[in-house]
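> turn this into a model:
(one chain, ligands or ions: 2)
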Amino acid sequence: MERIQTAINKARAQREREQTASEQVLREQPVPVAPALARDAEVPHGGDAALKDGPAPRAAWSEFRPMMPDADHLLRNRIMTLHGGRNSVLYDQLRTKVLQTMRANGWKRLAITSPAPGCGKSTVILNLAFSLARQPDLYTILLEMDLRRPSLGGLLGLRTEKGIASWLEGRIGFAQQAACYNFNLAFALCHQPRSDASDLLLQGRTGAALTQMEERYQPDLMLFDMPPLQANDDMMAFASQVDCVLIVAGAEQSTIKQIDACERDLAQQTNVMGVILNKCTHLDTDSGYGYYDYAK
Ligand SMILES: Nc1ncnc2c1ncn2[C@@H]1O[C@H](COP(=O)(O)OP(=O)(O)OP(=O)(O)O)[C@@H](O)[C@H]1O
Ligand SMILES: [Mg+2]
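Ligands and ions are numbered 1, 2, ... in the order given. The predicted structure is shown next:
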């Protein structure tokens, strides 16, 4: 009997040792964890900032060539919104108005034009674009549609080997000519002047190319730098492709009659969001423009 009790005690002790050992093994097993985000593999340039500050970047945007403009070069060209601050306040206000109006109306495509050349369209559109890029949840694509007299590459200090016209003609994909700043602002620039601009803008393929690009890259906003309305028929040829248009008038440069005619012609094709009075020397700011809202 005593031997049996001893055997039972031994067996119990053995069982307890085995149980303790197996619990120990279990405790020492690495705790399974959710797989870590494959950040390095998935996130495009600048993407870490997006993970911290906003939603995950749109994956397809990693196809674009990264670009980093020189802040001094931009400033010399009156582009002041790269880093925000005092000089970008008026452009940031313009950004807010544009965003509110576009969201309220469900618009995504905004063209900027003027009655005559040199009113400041390209300066305004670049300032607006960099102001938008400081919003980490907004993805903007700026397309240079002033194909006869392109200037954005020079203003940005950006050289392109291939341009937007090749994409519009279907010879290359959008990503092959696009450059991207700060993960959320893409540029499609004109490589060299095209004298057949309105033919290109009017062709059916242009509308299809824009739609396909929009579907793939899902931009929140598309900005179009256009030629002046009076110089040629490019703006009118393209007007039906956009949701709305902003008119940039030059103070002491554009007449009321010109602005009125511009607004009337454009209103037949698209929505006129408003008029920016640029180069106002009497304003107490360095950006020098005022804004008149047309949109309801
Ligand atoms: N608010 C401003 N105050 C003073 N000068 C300005 C202002 N905005 C733009 N400019 C200057 O006016 C000139 C024309 O500007 P910009 O190229 O932006 O005009 P544009 O309307 O795009 O011209 P184009 O019709 O040739 O495309 C540039 O030298 C630019 O620096
Ligand atoms: Mg221009």
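
> just give the closest residue to Gly157, not the sequence neighbours.
Using CB to CB, 6 or more residues apart in numbering and skipping residues adjacent in sequence, the residue nearest Gly157 is His73, 4.3 Å away. C-beta here means a position set from N, CA and C on the backbone, and glycine is covered the same way.

> where does that neighbour land in three-state SS?
Here His73 is recorded as helix under DSSP: H, G, I helix; E, B strand; the rest coil.

> what's the neighbour count on the residue in the chain that ligand 2 sits nearest to?
For the chain and ligand 2, the shortest gap (CB to the ion) falls at Ser122, measuring 3.3 Å. Each residue near Ser122 was counted by other CB atoms under 10 Å, and the total is 26.

> ok but it is inside a strand, no?
No: using three-state DSSP, the assignment for Ser122 is helix, not a strand.

> can I get the CA coordinates of stretch 127-138 in CSV?
Provided in CSV are the C-alpha atoms of stretch 127-138 (Å, rounded to 0.1, in the frame of the first residue of the first chain):
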residue,chain,number,x,y,z
ASN,A,127,1.1,79.0,-55.6
LEU,A,128,-2.3,77.4,-55.3
ALA,A,129,-0.8,74.0,-56.0
PHE,A,130,1.9,74.2,-53.4
SER,A,131,-0.6,75.6,-50.9
LEU,A,132,-2.8,72.5,-51.6
ALA,A,133,0.2,70.2,-51.2
ARG,A,134,0.6,71.3,-47.6
GLN,A,135,-2.7,69.5,-46.9
PRO,A,136,-1.6,65.9,-46.4
ASP,A,137,-5.0,64.5,-47.1
LEU,A,138,-5.3,66.2,-50.5
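
> could you pull up the mean pLDDT of that stretch?
The average pLDDT within stretch 127-138 is 97.

> what sits up against it?
49-50, 53-55, 74, 78-82, 84, 88, 91-92, 94-95, 98-99, 112, 140, 142, 181-182, 184-185, 220-221, 223, 287 (CB atoms under 8 Å, 6 or more residues apart in numbering).

> kindly report the same for stretch 257-265.
113-116, 229-230, 236, 247, 249, 272, 275, 294.
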